[in-house]
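Chemist: next one to model:
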Amino acid sequence: MESKLRQHIEKLVPLTDDEFAFVEKHFTFKKYKKHQFMVQQGEPVPYNYYLLSGLTKLVYTDETTDRQYILSFAMEDWWDNDFQAYYTRTRATLSMECLEDTEALCLSLDDFHALRTGLPKIEHFFLEKVIAGYFSAQRRILSLMTSSAQERYAQLAAQHPSLLQRLPKTQLAAYLGVSRETLSRLN
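Modeler: Got it, this is the predicted structure:
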């Protein structure tokens, strides 16, 4: 478990053994069951989540129509969360649900700040992760605005082929913004 986190961080920032020992003491290991919520709309968001195993979806539920909008999926070696609620210590506007049994390393906001101040090069790591996440969000928005359903499916298949095998068809269709029947015609 710790070696996965170290390998993940060291893709961007090298760490000595002492530095990694400092990093790992700020994380808490947690297990979640399939269909369990890691973050629930309307609740506080105590942690940021680095997934060691499993698969999650981040959704917004329109309370007036009860319709769900899938913002993202996350799997091993990814971070996901209702970041706005986490960083502002407000209640979640999104929910994060496990689509598979999931194991995660959890980082409280206080521990995040302690890491940043106690080991400044970790701030560079998190900055790079935020930038990558921002780029990904921009690509997703542009794709939804400018691409056909077939193009969105092809983009997802090219970027994250393993997701196509792991996601239920209804979840995949909702993420792409198409009906399950349309999805069947796309693949």
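Chemist: what packs against the helix or strand harbouring Tyr50?
Modeler: Element membership for Tyr50 (DSSP states H and E) is strand 47-53. Identification of packing neighbours for strand 47-53 by 3 or more CB pairs under 8 Å, 6 or more residues apart in numbering; DSSP states H and E yields helix 2-10, strand 27-32, strand 67-75, strand 79-80, helix 83-88, strand 102-108. The way it works is simple: take the backbone N, C-alpha and C, and place the C-beta from them, glycine included.
Chemist: export those to CSV and tack on mean pLDDT and mean neighbour count?
Modeler: Output for the helices and strands packed on strand 47-53, formatted as CSV (pLDDT from 0 to 100; neighbours: other CB atoms under 10 Å):
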stretch, mean pLDDT, mean neighbour count
helix 2-10, 92, 15
strand 27-32, 98, 16
strand 67-75, 92, 17
strand 79-80, 96, 21
helix 83-88, 96, 15
strand 102-108, 98, 21
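Chemist: would a markdown table of these with distance to Ala149 be doable?
Modeler: Converted to a markdown table, the helices and strands packed on strand 47-53 look like this (distance: least, CB to CB, whole Å):
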| stretch | distance to Ala149 |
| --- | --- |
| helix 2-10 | 33 |
| strand 27-32 | 31 |
| strand 67-75 | 15 |
| strand 79-80 | 24 |
| helix 83-88 | 28 |
| strand 102-108 | 29 |
